Every structure is written in structure tokens, then in C-alpha cells.
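S.K.: The following block contains a protein sequence and its predicted model.
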Amino acid sequence: MSSSHSFSSTSYSSYSSSSSSNGQTTGSHHSQHTVTDSSGNKQVKTTSGDLGGPVYEDSRSYDAQGRELLEGSGSTGRNQPRIQDVEIEDVTDADEQYKEKMEDEYAKREGGA
């Protein structure tokens, strides 16, 4: 009788940082979860984001030689692109909102000094 041994390994890493200034707390987080099966294939799931902001998730698969398995080519077929094109109007609006917030912040600091 022959017996086959099946194994997998899992690793998880995570870090976060935050700071507080004038009652405002900012920060970010990043985590990565890797599962390696008995054939050496890896599934890597990553999440990251800023405190109070959207969370970005990414899932990628690699074969035993470290080559990325493209969408639909692996056994999971779950790799989905997460990057989207941003219309220039969106960038302009976000830029204007940022400028307004910064002006308000500077006005608060100058008035409180």
C-alpha cells in the first residue's frame, strides 16, 4: 500500500499604524494571508486601507514556480482585477474637496493660535 501525505501551510502577517493630532486620528492597516498547498501552489489574499476609508482587497494565485496564475487559469479562478480607471472629473472633484478641507483646517489653526 502506498500512502500519500497531503499538507498545506498557512501564514498571516498584519500591521497597522495610527497617530492622533488635535483630536484627529489617522492611520492605515495592511494584512496578508498566504496558503500553500501540498503541490507548492499559493493563494495570497491582501487587504489594506486607511482608517475610516475604504478597504482594498486583492487575491492572487501562484504556481509552485512562483508564476502568477491569471484570472480563470487556476483552480480557483477567483482573481479579479481591483483597479479601476478614474474619470478626470472625479479626480478634479476630489482635488477640490481636499483643497477646501485643507483651507478649513488652516483657518482653524490660525484662528486658534
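M.R.: Thanks, I have it.
S.K.: Give me the below-cutoff pLDDT ranges for this structure.
M.R.: Applying pLDDT under 70 to the chain flags the ranges 1-7, 71-94, 112-113.
S.K.: ok, for the residue nearest to the spatial centre of it, nearest residue in space, not its chain neighbours?
M.R.: In the chain, the residue lying closest to the centroid (C-alpha atoms, centre = their mean) is S48, at 3.0 Å. Closest residue in space to S48, ignoring its immediate chain neighbours: H30 at 4.3 Å, by C-beta to C-beta, 6 or more residues apart in numbering. To be clear about C-beta, it is placed using only N, CA and C from the backbone, and glycine gets the same treatment.
S.K.: if we can go back for a sec, just checking, the residue nearest to the centre of the chain is part of a helix?
M.R.: No: read with DSSP: H, G, I helix; E, B strand; the rest coil, S48 is strand and lies in no helix.
S.K.: Contacts only, for it.
M.R.: Applying C-beta atoms under 8 Å, 6 or more residues apart in numbering, we find S48 in contact with S28, H29, H30, S31, V55, Y56.
S.K.: Just give me the closest of the residues you listed to N22.
M.R.: The closest of the contacts of S48 to N22 turns out to be S28 (C-beta to C-beta; 18.9 Å).
S.K.: Now do that closest one: how many residues are near it, please.
M.R.: The tally of other residues near S28 (other C-beta atoms under 10 Å) stands at 13.
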